[in-house]
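K.L.:
Here you go, sequence then predicted model.
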Amino acid sequence: MRIIIALVVALTSSAALAGTSEGYGMGGWIEKFQPEIDRANASGELFRIKGHCQSNCTLFLGLRNVCVERSATLLFHAGHDRQRNINATSTQRMLDAYKPALRQYVLAHHYMDTLEFHAIPGAMIIDRFGYKECPRG
């Protein structure tokens, strides 16, 4: 039993398990994302947004210790229900996760009005909207 506990502690504290958006990049339902959001916020560890990150993946921008890789691409659209009807509550949840400058930008450009994806490069998320750039390595 002690070996199992020691193994679990070692694995859960390992840098190899540092949070990233990998596995979440194609979006999905909040039930998939909320446990990871809660875990990352509770741990305070650096969470990397990397690669392709669409839809609810952009909720990770609201983490307390998030960074964005310059090479990432984030895709924004209105929140919707399972029948693909635009849903104000889902849209607002996403907007609430964004810094004010990004929120203003996606609203002003009507990114959150339709289900069409609108891409913003990671470099722009960093340089224009003030998100932390991920350390190299």
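P.N.:
Perfect, thanks for sending it. Residues are numbered from 1 along each chain as shown.

K.L.:
where exactly do the strands run in the chain?
P.N.:
With strands called from DSSP state E, the chain shows them at 47-49, 52-54, 66-68, 73-76, 118-121.

K.L.:
Most tightly packed of those strands?
P.N.:
strand 47-49 (a mean of 23; mean count of other C-beta atoms under 10 Å). In short, each C-beta sits where N, CA and C put it, glycine included.

K.L.:
What are the contacting residues of it?
P.N.:
Contact partners of strand 47-49, identified using C-beta atoms under 8 Å, 6 or more residues apart in numbering, comprise 18-21, 40, 57, 60-61, 63, 65-69, 72, 74, 122, 134.

K.L.:
go again using 6 Å as the cut-off
P.N.:
Here strand 47-49 makes contact (C-beta atoms under 6 Å, 6 or more residues apart in numbering) with 19-21, 40, 60, 63, 66-68, 72, 134.
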